[in-house]
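*Asks:* I would like the atomic coordinates for the input below:
(2 chains)
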Number of protein chains: 2
Amino acid sequence: MTSTKHTPEQEQPSTSEAIRAAAFQLFGEHGFGGTSVRAIAKVAGIDPALVIRHFGSKEALFLETTPVADYFEGQFDGPLDTLGERIAVFVLGKADARMLSVYTALMRASDSPRIRERLREMTGTLATNLAARLDGEDAYTRALLVSAQVSGLLSVLSDESIPQSADRDELAKLYGRAMQTLIDQY
Amino acid sequence: MTSTKHTPEQEQPSTSEAIRAAAFQLFGEHGFGGTSVRAIAKVAGIDPALVIRHFGSKEALFLETTPVADYFEGQFDGPLDTLGERIAVFVLGKADARMLSVYTALMRASDSPRIRERLREMTGTLATNLAARLDGEDAYTRALLVSAQVSGLLSVLSDESIPQSADRDELAKLYGRAMQTLIDQY
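*Replies:* Model (predicted):
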C-alpha cells in the first residue's frame, strides 16, 4: 500500500520497497524502539523525510512490515490426529526466521494499542483458521487455547529461554502432544 | 510530609512506600510507556525529583514494583496427576489481579533488555520450581514448555482475546489437560 502525495508514480515502487526492506531488517534486528526513522532512511539510501512521506509514521511503517494474517496459511491441512506436532514443528522450524522476528518485534512494542491490536489479530487469525478444522461446540475456545500455546512457545523462543542446544525434534514432539490434547475432542 | 533534600532517615520508608504504591497502580493501569515520573510523583503527593532520588530511574522503579520470583511459590505442591489443572486454575484465577497486571506491563515494555530479563526470570523460576517436582531426564525441558504455556495463557488473557463470558472452569480444565501432558512422563 502506497500513499504518497507528490512522488511521481514511477518512483513509488522502488522507494517504497527500499524503505520497507530497510525497515523490516532494522525492526527485526533492533526492535521498534531501537530503530529510528533516520536509521531506516540511511539503510534505504534516501532522505528521512521520504520515509514519513511514504508511510506516515514510524509506527505505520512498522505495521506495514509486520503482517501476520498469512503466517498460518495452509498449516492446518492434513490429518487432524497429527496436527499438534505439525504446528509445533512449523513454529519451532520458523524460529530463526521471519515469524519469530515479527512476533518478537510486535511483542516488545506492544505498549502501543495499534501494535497490540496486530498481536491480537495474529492470535485471532490462528484461532479462527484452526477452529474451522475442529469439531465440537467449543472448537473456537480450544483453537484459541492452541493459539495461546503458540504465543507462549514464540515467547520462550524469543527470550531465548530455550537453549540453542535443545533438541528441536524432541521439543516439537512434546509440545505437539500438548497442543494435540486441545485439537482432539474428549 | 516534607520534601527537602535532607530527608531524615525515619521519613524515608513512607516516601518510598508512597512512590512504590503510586508506581504500582499507574504502571498497572497505563503500562511503562504510559506512566511518567511526574504522574507517579503527583499520585504519591511528592516532588518528581524525589522519585529519582529514591529509585534512580523510572525503569528501576518499574522493576522494583514488578517482582516475579514468588508468584508460583507453593503452586507445585500436591498430587502430580492433577497439577496441570491446578496451575491453570491458578493462572486463570489471578487473571484480574496482580500477576496478570505485572506480566502485561512487563511484556509491553520488553523492548528494554532489563525488563526482558525480568520476564525471562519469570519463565525460568517457574520452570526451575516445577522441574524440581518432575521425574525424568528431560524434566527441565518439559517444565520450560509448561512455562511457555503459562506465558501464552497470560498473553491471551492480557490482550483480551479470551472473551469475558468464557467459562473459566472449562478453560482451566482444557488448558490444564494440555499442561498435564508435559507434567506426565511418557
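
*Asks:* shaky segments in chain A?
*Replies:* Within chain A, the ranges that satisfy pLDDT under 70 run A:1-13, A:94-97.

*Asks:* quick one, what contacts A:M122?
*Replies:* A:M122 makes contact with A:68, A:71, A:103, A:106, A:151 under the criterion C-beta atoms under 8 Å, 6 or more residues apart in numbering or on different chains. Every C-beta, even on glycine, is put in place using the N, C-alpha and C of the backbone.

*Asks:* show me what contacts the second one?
*Replies:* Taking C-beta under 8 Å, 6+ apart as the criterion, A:Y71 is in contact with A:99, A:122, A:125-126.

*Asks:* Likewise for the third one?
*Replies:* For A:Y103, the contact set (C-beta under 8 Å, 6+ apart) comprises A:119, A:122, A:151, A:154, A:158.

*Asks:* nearest spatial neighbour of the residue of chain A found nearest chain B, skipping sequence neighbours?
*Replies:* Closest residue of chain A to chain B, C-beta to the nearest C-beta: A:G152 (2.5 Å). If the residues on either side of it in the chain are set aside, A:G152 comes closest to B:G152, at 2.5 Å by C-beta to C-beta, 6 or more residues apart in numbering or on different chains.

*Asks:* same deal with A:F24?
*Replies:* Nearest non-adjacent residue to A:F24, counting by C-beta to C-beta, 6+ apart: A:T65, 4.4 Å away.

*Asks:* Surely the one you found and A:F27 touch.
*Replies:* Yes: A:T65 lies in contact with A:F27 (C-beta atoms under 8 Å); the separation is 6.1 Å.

*Asks:* more neighbours, the two?
*Replies:* More crowded of A:T65 and A:F27, by other C-beta atoms under 10 Å in any protein chain shown: A:F27, with 26 against 20.

*Asks:* Within the helices and strands, which one has the more buried one?
*Replies:* Here A:F27, judged by DSSP states H and E, is contained in helix A:12-30.

*Asks:* Switch the contacts of A:M122 over to a markdown table; also include secondary structure and distance to B:A60.
*Replies:* Output for those, formatted as a markdown table (DSSP: H, G, I helix; E, B strand; the rest coil; distance: C-beta to C-beta, whole Å):
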| residue | secondary structure | distance to B:A60 |
| --- | --- | --- |
| A:V68 | coil | 34 |
| A:Y71 | coil | 37 |
| A:Y103 | helix | 28 |
| A:L106 | helix | 26 |
| A:S151 | helix | 29 |
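
*Asks:* Distance of A:A127 relative to B:R86?
*Replies:* Distance, A:A127 to B:R86, using C-beta to C-beta, to the nearest Å: 25 Å.

*Asks:* Who has more neighbours out of those two?
*Replies:* A:A127 (24 against 18).

*Asks:* Next, the buried residues of the helix or strand where the more buried one lies.
*Replies:* Using DSSP H and E, A:A127 sits within helix A:113-131. Residues A:115-116, A:118-127, A:129-131 are the ones in helix A:113-131 that count as buried (16 or more other C-beta atoms under 10 Å in any protein chain shown).

*Asks:* Then stretch A:55-67?
*Replies:* A:55, A:58, A:61-66.

*Asks:* what does the domain assignment say about chain A?
*Replies:* The record's domain parsing of chain A by the TED database lists A:15-65, A:68-184.

*Asks:* Pull up the distance across the longest one, start to finish.
*Replies:* Distances were taken as C-alpha to C-alpha, to the nearest Å; on that basis the terminal residues of domain A:68-184 are 26 Å apart.

*Asks:* Need phi/psi at A:S36.
*Replies:* phi -100, psi 160 (degrees, to the nearest 10).

*Asks:* Spatially nearest residue to it, not counting backbone neighbours?
*Replies:* Leaving aside its sequence neighbours, A:S36 sits nearest to A:K58 (C-beta to C-beta, 6+ apart; 7.8 Å).

*Asks:* list the contacts for that neighbour?
*Replies:* For A:K58, the contacting residues are A:32, A:35-37, A:40, A:51, by C-beta under 8 Å, 6+ apart.

*Asks:* For those residues, could you give me TSV that also reports secondary structure?
*Replies:* Formatted as TSV, the contacts of A:K58 follow (DSSP: H, G, I helix; E, B strand; the rest coil):
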residue	secondary structure
A:F32	coil
A:T35	coil
A:S36	coil
A:V37	helix
A:I40	helix
A:V51	helix
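
*Asks:* Of these, which is the most crowded?
*Replies:* Neighbour max across the contacts of A:K58 (other C-beta under 10 Å) = A:I40, 27 neighbours.

*Asks:* circling back: make sure the residue of chain A closest to chain B is actually in contact with B:V156.
*Replies:* No: with contacts counted by C-beta under 8 Å, A:G152 stays clear of B:V156, the gap being 9.1 Å.

*Asks:* picking that back up, can you pull the phi and psi angles for the residue nearest to A:F24?
*Replies:* Here A:T65 shows phi and psi, under degrees, to the nearest 10, equal to phi -100, psi 0.
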